[in-house]
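Student: Quick one: sequence and predicted model below, then my questions.
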Amino acid sequence: MKPASISELKKELQALPPARLMEVCLRLAKFKNDNKELLSYLLFEEGDLQGYIAAVKLEMDEAFAAQPKTNLYYVKKYLRKILRGVSKQIKYTGSKVAEIELLLYFLLKIKKAGIKVGESPALTTIYLGQIKKIKKAIESQHEDLQYEYTKELEKL
């Protein structure tokens with residue numbers, strides 16, 4: 001079965017009465033945890049972006065505190081796990097500012113954790129990939145913000 005396009009879904013959702021729309025949203029949330037997380041973000045946290053960013057940073061702090069420090073292989077796997085979670089949170093916000101701030105914080109946490117990125121090609125790839133994402137997101141910002149974020153990026 002081929003799924004409907006976004007425009008077709010939009011037309012159908014506009015035609016639904018509010019009670020039926022609520023049933024559809026709740027049923028959608030039951031099937032996948034990602035759907036439930038997105039719906040929670042949209043309903044409860046969308047209005048306070050800075051608060052949401054702070055909460056994600058706190059989650060990152062906890063994740064970095066539990067990070068293994070013995071073997072580079074496990075460090076790499078754990079960093080990818082953290083990055084997957086952060087990327088999912090960034091996708092929920094749809095905000096370039098949130099993307100820049102969270103990825104900068106991720107790189108700062110790597111630096112503070114004392115992870116030697118240069119010792120592993122995989123870690124270097126992860127690190128440089130995030131820098132590339134940040135630079136791309138910075139380009140879409142206002143000149144003043146570009147300057148501030150570029151300065152922060154240069155510190156790393």
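Tutor: Arrived safely.
Student: packing partners for the top helix by length along the chain?
Tutor: Counting residues, the longest helix in the chain under DSSP state H turns out to be helix 72-93. With contacts defined as 3 or more Cβ pairs under 8 Å, 6 or more residues apart in numbering; DSSP states H and E, the packing partners of helix 72-93 are helix 33-40, helix 49-65, helix 96-112, helix 121-139. Where C-beta positions appear, they are placed from N, C-alpha and C, glycine not excepted.
Student: and of those, who's closest to Lys155?
Tutor: helix 96-112 (8.3 Å; Cβ to Cβ).
Student: So which other helices or strands are in contact with that closest one?
Tutor: Short answer (3+ Cβ pairs under 8 Å, 6+ apart): helix 96-112 packs on helix 49-65, helix 72-93, helix 121-139, helix 143-155.
Student: Can you mark which positions in it are buried?
Tutor: For helix 96-112, the neighbour count (16 or more other Cβ atoms under 10 Å) marks 96-107, 109-110 as buried.
Student: Outside of the helix or strand bottoming out on mean pLDDT in the chain itself, list whatever touches it.
Tutor: In the chain, no helix or strand scores lower on mean pLDDT, DSSP states H and E than helix 143-155, which sits at a mean of 83. The contact list for helix 143-155 (Cβ atoms under 8 Å, 6 or more residues apart in numbering) reads Val97, Ile100, Leu104, Ile131, Ile134, Lys135, Ile138, Glu139, Gln141.
Student: go with 7 Å
Tutor: Residues outside helix 143-155 that contact it (Cβ atoms under 7 Å, 6 or more residues apart in numbering): Ile100, Leu104, Ile131, Ile134, Ile138, Gln141.
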